[in-house]
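> Task: produce atomic coordinates for the following.
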Amino acid sequence: MPKPLVWILIAAVAAVAYVMGAKAGKKRFREISGIAKDVWDDPALAKVRKRAYRRIETTANRVAKSL
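Numbers count the residues shown, from 1 in each chain. As a prediction, the model looks like this:
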């Protein structure tokens, strides 16, 4: 094959690979973000978050009063 055709073929393969990879990446991102949302919305985790926020608020208020 002449050199220009080789470069055109390489560019075409790279473009197809990029598009397919981008679609696969978007699908995987949606999958991971869905799992993360499910974990974040879990009632047990919400309870732990609420407890942690209260403890942080209590500690922050105690520190603020001591200043």
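> Report the rounded mean pLDDT for the helix or strand containing residue 46.
Using DSSP states H and E, residue 46 falls within helix 43-66. Averaged over helix 43-66, pLDDT sits at 93.
> quick one: contacts of it?
For helix 43-66, contacts defined as CB atoms under 8 Å, 6 or more residues apart in numbering pick out residue 39. Where C-beta positions appear, they are placed from N, C-alpha and C, glycine not excepted.
> mind checking pLDDT for the residue nearest in space to the middle of the chain?
For the chain, residue 33 is the residue whose C-alpha lies nearest the centre (CA atoms, centre = their mean; 5.9 Å). Among the per-residue scores, residue 33 shows a pLDDT of 91.
> re earlier: now the helix holding residue 46, how far from the centre of its chain.
26 Å (CA atoms, centre = their mean, to the nearest Å).
> Same check on stretch 21-38?
Offset of stretch 21-38 from its chain centre (CA atoms, centre = their mean): 8 Å.
> could I have it exported to PDB, CA atoms only?
C-alpha atoms of stretch 21-38 as PDB (Å, rounded to 0.1, in the frame of the first residue of the first chain):
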ATOM      1  CA  GLY A  21     -14.400   3.600  23.300                       C
ATOM      2  CA  ALA A  22     -16.300   6.800  24.100                       C
ATOM      3  CA  LYS A  23     -19.600   5.000  23.900                       C
ATOM      4  CA  ALA A  24     -18.300   2.200  26.100                       C
ATOM      5  CA  GLY A  25     -16.900   4.800  28.500                       C
ATOM      6  CA  LYS A  26     -20.200   6.600  28.700                       C
ATOM      7  CA  LYS A  27     -22.100   3.400  29.400                       C
ATOM      8  CA  ARG A  28     -19.600   2.400  32.100                       C
ATOM      9  CA  PHE A  29     -19.800   5.900  33.700                       C
ATOM     10  CA  ARG A  30     -23.600   5.600  33.800                       C
ATOM     11  CA  GLU A  31     -23.300   2.200  35.400                       C
ATOM     12  CA  ILE A  32     -20.900   3.400  38.100                       C
ATOM     13  CA  SER A  33     -22.800   6.600  38.800                       C
ATOM     14  CA  GLY A  34     -26.000   4.500  39.200                       C
ATOM     15  CA  ILE A  35     -24.300   2.200  41.700                       C
ATOM     16  CA  ALA A  36     -22.900   5.200  43.600                       C
ATOM     17  CA  LYS A  37     -26.300   6.800  43.800                       C
ATOM     18  CA  ASP A  38     -27.800   3.600  45.100                       C
END
